[in-house]
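Chemist: Dropping the sequence and predicted coords here.
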Amino acid sequence: MQRKSEQSNNQKNDTKTNKVEHAKGYIENFFKDLNDSTKQRMIRIGEFDSQIQKEKLSKKEQKKLRNAFLQLENKYNRMRIKKLTVKDFQLIKVIGKGAFGLVCLVREKDTNEIFAMKMLNKKTMIEQGQAVHVKTERDFLATANVPWVVALYYSFQDENNLYLIMEYVPGGDMMTLLINKNILSEELTRFFVAETVLAVEAMHKLAYIHRDLKPDNLLIDASGHIKLTDFGLSKELKNIDNTMDTLKTKKDEYSILETDKFRSQIELRNASVKARRQLVFSTVGTPDYIAPEVFSKTGYNDSCDWWSLGVIMFEMLCGYPPFSAKSRRETFLKIQNWKKYLVFPSDVLVSREAKDLIYKLCCEPENRLTPEQIKKHPFFKGVDWENIRQQTSPYIPQLSSAIDTSHFDSFEDQIDLLLNDSQKANDDKLDIVQFKGYTYKRLEKKKPEQFIQDWIKNFKDLEDK
């Protein structure tokens, strides 16, 4: 008994010591960060004062300009130390529903800026073995500062949920466009596939594989250009031995493959929009776009994303993915026997160049085209790869306002669930270990000289205000 008592006391002492060390480390880091931030602030103000002397401005104008700069610096510091919560955002509408949570259109109360908020339930994520995946998604989004990827501005958590505050991309996703149009012209297909090539290439250059590339995860922005989203199944290349990996298809790894309700190709093409969305292309997911080596457990590399792009291109031109079947198992078998089932319909006109590109994407991994080879393929003749994002898109979504949600499905029945789930307490205290380090803020500062130039450029507008 005495020995047990001593052990218990030792454990309590160790716990107390750990808490003290943790508190000490927190305080030290806080004041170090504060000191570093103050130094950086003084450096920036010094740079600003040097730059402002070079401009031909009156004393009054210089004073106004300096006050504006200091106000921006103060705002930045407030945002840097502020702990964000879901209460800082006004819910406008639920625009998406996934296996683990919801996506909402929200307005930040302090700034009135519009964002898309992805809310993921912690308990569900842990039960489904998705804790690592959601951390990977957050890490990638925090790293990816490229125009081809939906931008992440904040991530935070409460006792129940994880939150990703991202840019709102109002044009909807590619699946919705395909449902509305059934098939796309080769001109529009060429444009969207070319932009997706650049988007996937940009992701690979950041050493990540998407692994879940499908029309649902290709968003269309207000100008009609592509942005990648949903990186819950992404994988960092540096964590793959010999650039190869084996993806488990168990529930804990690929739980998005939940629906067994598929139709034949003929039924797919003739199905109503509502039925097609509900039975085949639900937000829960579908295996139609996954490369065969992902299922084979023989290992794979980033070329699996190019297979998925080939399947997406087939669907754009033909109106359905080539390996859909009545059940998930049949779909798996068709993908494994892709040489037999990758057949173009006789009643749809597809050019020889388009077919050739699809065949060279949907093939054995070692034979798939590289990004540079894809760009040189005859199907993309005339594409200006360097400036495509600055060009006018062949398709521009019609939008009535900054909060137009007409290109997304309605999930009004989920609002009460969302509000209740974000407010109720959770006895499990899940945010200590599994999601440590999840918080992120993207606070971008303009350089002093850029701030001055912008201020001078808009001086009259500022005076009017």
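Modeler: Received the coordinates, thanks. Please read these numbers as outputs of a predicted model, since none were measured by experiment.
Chemist: Please count neighbours and contacts with C-alpha atoms only from this point.
Modeler: Will do.
Chemist: all helices for the stretch 201-350 of the chain, in order.
Modeler: Counting by DSSP state H, counting those that start in this stretch, the stretch 201-350 of the chain has helices at residues 265-270, 273-279, 292-296, 304-318, 328-336, 338-341.
Chemist: Could you single out the most deeply buried of those helices?
Modeler: helix 304-318 (a mean of 25; mean count of other Cα atoms under 10 Å).
Chemist: picking up where we left off before, make TSV out of the helices of the stretch 201-350 of the chain and add mean pLDDT and distance to Ala402.
Modeler: Formatted as TSV, those follow (pLDDT from 0 to 100; distance: least, Cα to Cα, whole Å):
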stretch	mean pLDDT	distance to Ala402
helix 265-270	42	33
helix 273-279	39	26
helix 292-296	85	39
helix 304-318	97	28
helix 328-336	91	39
helix 338-341	95	43
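Chemist: got TSV for those helices, with distance to Glu61 too?
Modeler: Output for the helices of the stretch 201-350 of the chain, formatted as TSV (distance: least, Cα to Cα, whole Å):
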stretch	distance to Glu61
helix 265-270	65
helix 273-279	58
helix 292-296	62
helix 304-318	54
helix 328-336	67
helix 338-341	69
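Chemist: Out of the ones you listed, which gets nearest to Glu73?
Modeler: Checking these against Glu73 by Cα to Cα gives helix 304-318 as the closest, at 42.1 Å.
Chemist: Quick one, which of the helices of the stretch 201-350 of the chain gets closest to Leu141.
Modeler: That would be helix 304-318 among those, by Cα to Cα, at 17.9 Å.
Chemist: now the closest one: how far from the chain's centre is it?
Modeler: Mean-position distance between helix 304-318 and its chain equals 20 Å (Cα atoms, centre = their mean, to the nearest Å).
Chemist: right, so of the helices of the stretch 201-350 of the chain, which gets closest to Phe192?
Modeler: Closest among these, using Cα to Cα: helix 304-318, at 9.0 Å.
Chemist: which secondary structure elements does the closest one contact?
Modeler: With contacts taken as 3 or more Cα pairs under 8 Å, 6 or more residues apart in numbering; DSSP states H and E, helix 304-318 sits against helix 186-205, helix 352-361.
Chemist: among the helices of the stretch 201-350 of the chain, which is nearest Tyr154?
Modeler: So among the helices of the stretch 201-350 of the chain, helix 304-318 is nearest, using Cα to Cα, at 27.3 Å.
Chemist: did I read that right, Gly96 in a strand?
Modeler: Yes: according to DSSP: H, G, I helix; E, B strand; the rest coil, the state of Gly96 is that of a strand.
Chemist: what are the ranges of the strands in the stretch 101-250 of the chain?
Modeler: Using DSSP state E, counting those that start in this stretch, the strands of the stretch 101-250 of the chain run over residues 101-108, 114-121, 152-157, 161-166, 208-209, 218-220, 226-228, 235-236.
Chemist: Dump those to TSV, plus mean neighbour count.
Modeler: Below are these laid out as TSV (neighbours: other Cα atoms under 10 Å):
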stretch	mean neighbour count
strand 101-108	21
strand 114-121	23
strand 152-157	21
strand 161-166	23
strand 208-209	22
strand 218-220	25
strand 226-228	25
strand 235-236	18
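Chemist: just so I know, which of these lies nearest Gln391?
Modeler: strand 226-228 (12.4 Å).
Chemist: Lowest-scoring secondary structure element of this structure by mean pLDDT?
Modeler: Here the helix or strand of the chain ranked lowest by mean pLDDT, DSSP states H and E is helix 273-279, holding a mean of 39.
Chemist: Which residue lies nearest the spatial centre of the chain?
Modeler: In the chain, the residue lying closest to the centroid (Cα atoms, centre = their mean) is Thr229, at 3.2 Å.
Chemist: Against Phe140, how distant is that residue?
Modeler: In this view, Thr229 and Phe140 are 11 Å apart by Cα to Cα, to the nearest Å.
Chemist: what about the residue nearest to Ser324 when sequence neighbours are not counted, distance to Ser50?
Modeler: Spatial nearest neighbour of Ser324, excluding adjacent residues (Cα to Cα, 6 or more residues apart in numbering): Thr331 at 5.5 Å. For Thr331, the distance to Ser50 (Cα to Cα) stands at 66 Å.
Chemist: got it, and Asp384?
Modeler: 41 Å.
Chemist: where does the stretch 51-200 of the chain dip in pLDDT?
Modeler: 76, 79-80 (pLDDT under 70).
Chemist: ok so, going back, save the helices and strands packed on helix 304-318 as a markdown table, and put in distance to Ile45 and mean neighbour count too.
Modeler: Conversion of the helices and strands packed on helix 304-318 to a markdown table gives the following (distance: least, Cα to Cα, whole Å; neighbours: other Cα atoms under 10 Å):
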| stretch | distance to Ile45 | mean neighbour count |
| --- | --- | --- |
| helix 186-205 | 35 | 19 |
| helix 352-361 | 53 | 18 |
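Chemist: Phe380 is nearest to which of those?
Modeler: It is, among the helices and strands packed on helix 304-318 and with distance given as Cα to Cα, helix 186-205, at 6.6 Å.
Chemist: Packing partners of that closest one?
Modeler: Partner elements for helix 186-205 (3+ Cα pairs under 8 Å, 6+ apart): strand 226-228, helix 304-318, helix 371-375.
Chemist: Show me what it is in contact with.
Modeler: Residues from elsewhere that reach helix 186-205, judged by Cα atoms under 8 Å, 6 or more residues apart in numbering: 144, 146, 148-149, 209-210, 218, 225-228, 302, 305, 309, 313, 316-317, 371, 375, 379-380, 383, 385, 388-389, 393-395.
Chemist: And the strands in the stretch 351-465 of the chain, which stretches?
Modeler: Under DSSP E, counting those that start in this stretch, the stretch 351-465 of the chain gives strands at 440-441.
Chemist: Where does the prediction get shaky in it?
Modeler: Ranges of the stretch 351-465 of the chain meeting pLDDT under 70: 412-434, 443-465.
Chemist: go with 80
Modeler: Along the stretch 351-465 of the chain, the parts satisfying pLDDT under 80 run over 410-437, 442-465.
Chemist: which residues of it fall in helices?
Modeler: Going by DSSP H, counting those that start in this stretch, the stretch 351-465 of the chain shows helices at 352-361, 371-375, 415-423, 448-457, 459-464.
Chemist: Based on its surroundings, how many neighbours for Lys56?
Modeler: 9 (other Cα atoms under 10 Å).
Chemist: correction: Val383
Modeler: Counted with other Cα under 10 Å, Val383 comes out at 14.
Chemist: Give the full set of residues in contact with it.
Modeler: Ala194 are the contacts of Val383 under Cα under 8 Å, 6+ apart.
Chemist: Quick check: Ala325 vs Gly98, distance?
Modeler: 22 Å.
Chemist: was I right about Ile403 contacting Ile114?
Modeler: Yes: Ile403 is within contact range of Ile114, at 7.4 Å (criterion: Cα atoms under 8 Å).
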